[in-house]
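Student: Based on what follows, work out the 3D shape:
(one chain, ligands or ions: 1)
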Amino acid sequence: MKEGTRVIRLSQDYTFKTFDCGNPDLNDFLLQDAKEYDKRLLSVTYILETEEDIVAYFSVSNDKIAIPDSDKATWRKIKALFPHRKHRSDYPAVKIGRFAVSLKYQHTQIGTDILDFIKDMFITNNRTGCSFVTVDALKSALPFYLKNNFLFLDKAMAADDTQETYLLYYNLAQLLD
Ligand SMILES: CC(C)(COP(=O)(O)OP(=O)(O)OC[C@H]1O[C@@H](n2cnc3c(N)ncnc32)[C@H](O)[C@@H]1OP(=O)(O)O)[C@@H](O)C(=O)NCCC(=O)NCCS
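Tutor: Got it, this is the predicted structure:
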């Protein structure tokens, strides 16, 4: 992660510094809702900060990918990642519920570094089994996730440009090969 920054887990007594990622909903979630979500065990939020400001944040929750979310060919590919006796109708995942980089730091690889950090979090000393990372990506952020090797779970969705968000997944096991 960038020099002079540190990742901290949001706590109830954290004092927010200013944050603007250019998306009011994502700003408001951090500043107004994230602590409540944490308290109710709905999500855990991590903040990348410097001494002066918040660089980025992300919130994660347990999730799964399941047959109804996927097109048939993609599900076949997903199943093929596992030995036959482990074929199931769903697999455990972690969902990136919210993710934003401050305008001041966007397009400086911070987002990519954070995705790598998240991937590592769930394959190193992980407390539960977690095969995939998922995200409901905003249309504007699709190029960013695709560049970072996330894939569409439902290819029909990829062709529909009217969606506000697009369900993408990343196979964590590829990092262990
Ligand atoms: C999307 C976001 C998290 C990416 O973080 P970032 O630190 O800017 O990303 P990186 O610098 O690692 O980007 C790597 C590449 O992804 C692509 N990319 C990143 N953001 C993009 C955007 N908004 N639109 C198109 N491509 C984008 C570019 O190819 C970029 O390379 P470049 O900077 O050479 O053009 C950040 O732009 C952001 O917080 N945006 C506003 C909130 C948001 O959309 N969050 C995602 C919710 S799902």
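Student: Could you use CA atoms for every contact and neighbour count after this?
Tutor: Fine.
Student: Name the residues that touch the helix or strand bottoming out on mean pLDDT in the chain?
Tutor: For the chain, using mean pLDDT, DSSP states H and E, the weakest element among its helices and strands is helix 155-158, scoring a mean of 90. With contact meaning Cα atoms under 8 Å, 6 or more residues apart in numbering, helix 155-158 is reached by 70-71, 74, 152, 163, 166.
Student: And stretch 38-46, by the same measure?
Tutor: 7-10, 12, 34, 37, 57-61, 97.
Student: That stretch: which residues count as buried?
Tutor: Within stretch 38-46, the residues that count as buried by 16 or more other Cα atoms under 10 Å are 38, 43-46.
Student: Double-check Asp113 against Met1; I have them as touching.
Tutor: Yes. Under the criterion of Cα atoms under 8 Å, Asp113 makes contact with Met1 at 6.2 Å.
Student: distance of Asp33 from Ser59?
Tutor: Separation of Asp33 from Ser59 (Cα to Cα, to the nearest Å): 11 Å.
Student: swap that for Ser102, please
Tutor: 15 Å.
Student: So between these two, which is more surrounded?
Tutor: Ser59 (23 against 20; other Cα atoms under 10 Å).
Student: Is any residue of the helix or strand encompassing Lys64 near the ligand?
Tutor: Secondary structure assignment for Lys64, by DSSP states H and E: strand 54-66. No. Residues of strand 54-66 are not located near the ligand by Cα under 6 Å from any ligand atom, the shortest gap being 7.4 Å.
Student: That strand packs against which elements?
Tutor: strand 44-49, strand 90-101, strand 132-138 (3 or more Cα pairs under 8 Å, 6 or more residues apart in numbering; DSSP states H and E).
Student: wait, does the shortest one make contact with the ligand?
Tutor: No. Strand 44-49 is not in contact with the ligand by Cα under 6 Å from any ligand atom; minimum separation 11.7 Å.
Student: Just the ones of the contacts of helix 155-158 in helices?
Tutor: Residues of these located in helices (DSSP state H): Thr74.
Student: want to throw the contacts of helix 155-158 into JSON lines with distance to Thr18 and pLDDT?
Tutor: As requested, the contacts of helix 155-158 are exported to JSON lines (distance: Cα to Cα, whole Å; pLDDT from 0 to 100):
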{"residue": "Ser70", "distance to Thr18": "39", "pLDDT": "96"}
{"residue": "Asp71", "distance to Thr18": "42", "pLDDT": "96"}
{"residue": "Thr74", "distance to Thr18": "41", "pLDDT": "96"}
{"residue": "Phe152", "distance to Thr18": "34", "pLDDT": "97"}
{"residue": "Gln163", "distance to Thr18": "31", "pLDDT": "91"}
{"residue": "Tyr166", "distance to Thr18": "29", "pLDDT": "96"}
